[in-house]
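> Fold the following.
(one chain, ligands or ions: 2)
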Amino acid sequence: MSVIEAHGICKSYAGADGEVNAVREVDFSVEAGDFVALHGPSGCGKSTLLMITGALLSPDAGCLRVSGEDPYAMSANDRASFRARHVGFVFQQFHLIPYLNVIDNVCVPALAAARPAAGQRAGELLAHFQLDHRLHHVPSALSVGEQQRVALARALLNEPAVLLADEPTGNLDPENAELILAYMQGFAQDGGAVVMVTHDDRAKAVAGRQLALREGRLV
Ligand SMILES: Nc1ncnc2c1ncn2[C@@H]1O[C@H](COP(=O)(O)OP(=O)(O)O)[C@@H](O)[C@H]1O
Ligand SMILES: [Mg+2]
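Numbers count the residues shown, from 1 in each chain. Ligands and ions are numbered 1, 2, ... in the order given. Here you go, the predicted structure:
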């Protein structure tokens, strides 16, 4: 069984000039241990497809299974809990909570998944990501590279099967980008499934497989 199985995924938005067909009839699957780069020109539907894959945005048509389950067949509450347990998300802009310190930011997903010993797991992840000297800082006191490592630790807190990243290196200098890519690669090598949206050639090179999207279709 693939960790992610997507069949016939379609999504349209109501735009000012009529309907925008952001994702059209997309099929793909991702296995445990895969590191997939999703790329294509701006506006081709990458973020829409990633959000659908991450149980954040319901498709208009098609079927998605993550770890064998269809998150869109669940109630909204069950889907939120499923997402917290099975999917980690990393964004270009980090999306850390500005008034929480590092350790508390990393523990946020434990609230939705009722994870015991979250603080201990957070501390271990932060040590692994070379952040153990930053536990009680707020995000604004960190470098952008450190902020993205905190975001990655948060995404991995609940030991998800799937890690989704939308241009995670877009705001990072080459050194910090390399570090994030290496940690994401480590997650895949440990049996995780990674889908990363990226424009960055170095990031594409780290991935084991490429998916190219054009005007909402895989090519
Ligand atoms: N919430 C929305 N409402 C209307 N149109 C949207 C919305 N989100 C995205 N779009 C449109 O859908 C298309 C795909 O967007 P997106 O998935 O963000 O592409 P990408 O991430 O590849 O740049 C674009 O034409 C974009 O303008
Ligand atoms: Mg995008």
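
> Quickly find the element holding the residue positioned nearest the centre of the chain.
The centre of the chain sits closest to L164, judged by CA atoms, centre = their mean, with a distance of 2.1 Å. Applying DSSP states H and E as the criterion places L164 in strand 162-166.

> tell me how far stretch 39-54 is from the chain's mean position?
Centre-to-centre, stretch 39-54 and its host chain are 12 Å apart (CA atoms, centre = their mean, to the nearest Å).

> returning to that earlier point: please name the nearest non-neighbouring residue to the residue nearest to the centre of the chain.
G54 (4.8 Å; CB to CB, 6 or more residues apart in numbering). For the C-beta atoms, the positions are set from N, CA and C on the backbone; glycine is no exception.

> doesn't H86 make contact with the one you found?
No. If you go by CB atoms under 8 Å, G54 and H86 don't touch, sitting 9.4 Å apart.

> thinking again about what came up before, which secondary structure elements does the strand holding L164 contact?
helix 46-53, strand 87-91, helix 144-156, helix 174-189, strand 193-197 (3 or more CB pairs under 8 Å, 6 or more residues apart in numbering; DSSP states H and E).

> Can you tell me which of those is packed in deepest?
Highest mean neighbour count among the helices and strands packed on strand 162-166 (mean count of other CB atoms under 10 Å): strand 193-197, with a mean of 25.

> Return the residues in contact with the closest residue to ligand 2 within the chain.
Nearest to ligand 2 in the chain, going by CB to the ion, is S47, at a distance of 3.2 Å. Residues in contact with S47 (CB atoms under 8 Å, 6 or more residues apart in numbering) are D166, V197.

> switch the cut-off to 10 Å
A22, L38, L57, F91, Q92, D166, E167, V197 (CB atoms under 10 Å, 6 or more residues apart in numbering).

> do the same with D201
Per CB under 10 Å, 6+ apart, neighbours of D201: A37, H39.

> and it, what pLDDT?
For D201, the model assigns a pLDDT of 91.

> Ramachandran coordinates for it?
phi -60, psi -30 (degrees, to the nearest 10).

> isn't A73 right up against V66?
No. Counting by CB atoms under 10 Å, A73 sits too far from V66 to count as a contact (11.5 Å).

> ok, the two, which is more surrounded?
Taking neighbours as other CB atoms under 10 Å, A73 and V66 compare with V66 leading, 24 against 11.

> unless I'm mixing things up, the more buried one is touching G54, no?
Yes. Taking contacts as CB under 10 Å, V66 lies within contact range of G54: 8.3 Å.

> quick one: the helices in the protein?
46-53, 76-86, 102-113, 118-128, 144-156, 174-189, 201-206 (DSSP state H).

> out of those helices, which comes closest to L135?
Proximity to L135, assessed across those by CB to CB, is greatest for helix 102-113 (4.6 Å).

> quick one: average confidence on the closest one?
Here the average pLDDT along helix 102-113 is 92.

> Would you mind getting the angle between that helix and helix 118-128?
130 degrees (axes from the mean of the first three to the mean of the last three CA atoms, to 10 degrees).

> Please state the offset of helix 102-113 from the chain centre?
Averaging C-alpha positions (CA atoms, centre = their mean) puts helix 102-113 16 Å from its chain's average.

> Check which residues of that helix are buried.
V102, I103, N105, V106, C107, V108, P109, A110, A113 (16 or more other CB atoms under 10 Å).

> number of nearby residues for the residue lying closest to the third one once chain neighbours are set aside?
Here the nearest residue to N105 in space, its sequence neighbours aside, is L96; by CB to CB, 6+ apart that works out to 5.1 Å. Applying other CB under 10 Å, we find 21 residues neighbouring L96.
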